[in-house]
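A.B. asks: Next come a sequence and a model predicted from it.
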Amino acid sequence: MKTSLRRLPFTRGISLTALVYLYLPVIVLVAYSFNGNRTATVWTEFSFAWYVRILHNPSIQAAAANSLIVATIAASCATLIALLAALGSSRRFLGRALLEGAVSAPLILPEIVISVATLLLFMAMGLKLGLISITIAHVAFCIPFAYLPIRARLADMDRYIHEAALDLYADRYTAFRRITLPMLWPGILSGATLAFVTSLDDFITSFFLAGPGATTLPVYIFSSIRAGITPEVNAISTVMVSVSILLVIASFLVGRAGNLRKTN
């Protein structure tokens with residue numbers, strides 16, 4: 001007789017403890033971002049002063065602009081490469097497993113190892129560290145985050161629809177543009193969103209490859225924390241958490257809408 005995991009002793013308690021352990025620090029961080037006191041851990045009054053302050057801080061504005069530029073370019077390039085890789089791996093051929101393993105490798109390897117290896121490669125090539133080096137590295141490790149939703153969407157598609165379009169005298173480009181691509185859009189948008197969030201929140205790779213004037217927002221937060229935690233850092237972190245959550249929710253809703261449309 002099979003036993004449901006929900007009926008095992010302490011399952012609910014352990015699950016709640018894990019959720020509290022994961023999300024309570026985030027809740028505390030968000031709450032203290034509205035603290036009017038300069039000392040981050042001493043609550044005095046509710047205030048939006050720190051949010052107003054980060055909006056008028058040139059260093060934060062420059063770091064945020066760098067993060068958005070890198071994330072936009074990296075997500076766009078990674079999504080395009082992931083789309084081509086997903087289309088290529090949708091057919092059976094010799095080396096298909098090797099291709100999928102190579103695309104998914106950044107998810108398995110420790111990011112610090114990839115960052116150090118990338119740094120050594122760029123130094124050997126004589127590439128100057130800065131936004132260009134960060135963007136190239138972000139494209140590489142964002143590919144699997146864009147690839148998995150696209151590949152999953154492609155696997156759920158009925159390949160006979162594409163073949164039917166070819167039977168109706170459509171060439172391969174027209175069949176892809178009019179049939180395959182519209183059906184892939186939910187997966188493409190979902191993958192692009194995940195790649196954007198991953199690049200926007202990345203610290204390790206950005207820290208290793210950032211040069212003068214190429215500070216991203218996570219690197220700026222780390223530098224600020226070394227001088228002491230302030231409500232200003234809490235406010236920046238809250239904004240980043242909020243943006244990441246909204247984008248992940250949007251990615252989930254887009255993927256769900258695509259699945260519902262397919263079911264109907």
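C.D. replies: Cool, the structure landed.

A.B. asks: Could you use CA atoms for every contact and neighbour count after this?
C.D. replies: OK.

A.B. asks: Report the mean confidence score over the helix or strand that contains residue 237.
C.D. replies: Under the criterion DSSP states H and E, the helix or strand holding residue 237 is helix 231-263. Over the span of helix 231-263, the pLDDT mean works out to 77.

A.B. asks: wait, doesn't residue 76 sit right on residue 193?
C.D. replies: No - checked against CA atoms under 8 Å, the pair residue 76 and residue 193 is beyond contact range at 9.6 Å.

A.B. asks: what about those two, which has more around it?
C.D. replies: Set side by side, residue 76 and residue 193 show more neighbours around residue 193, with 27 against 21, by other CA atoms under 10 Å.

A.B. asks: contacting residues for the more buried one?
C.D. replies: Neighbouring residues of residue 193 by CA atoms under 8 Å, 6 or more residues apart in numbering: 75, 146, 247-248, 251.

A.B. asks: what helix or strand does it sit in?
C.D. replies: Assigned by DSSP H and E, residue 193 belongs to helix 181-201.

A.B. asks: one step back: I'd like the contacts of residue 193 written out as JSON lines, with distance to residue 27 added.
C.D. replies: Shown next, in JSON lines, are the contacts of residue 193 (distance: CA to CA, whole Å):
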{"residue": "75", "distance to residue 27": "29"}
{"residue": "146", "distance to residue 27": "29"}
{"residue": "247", "distance to residue 27": "19"}
{"residue": "248", "distance to residue 27": "18"}
{"residue": "251", "distance to residue 27": "23"}
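
A.B. asks: Which one of the residues you listed is nearest to residue 126?
C.D. replies: Nearest to residue 126 among the contacts of residue 193: residue 75, at 25.0 Å, using CA to CA.
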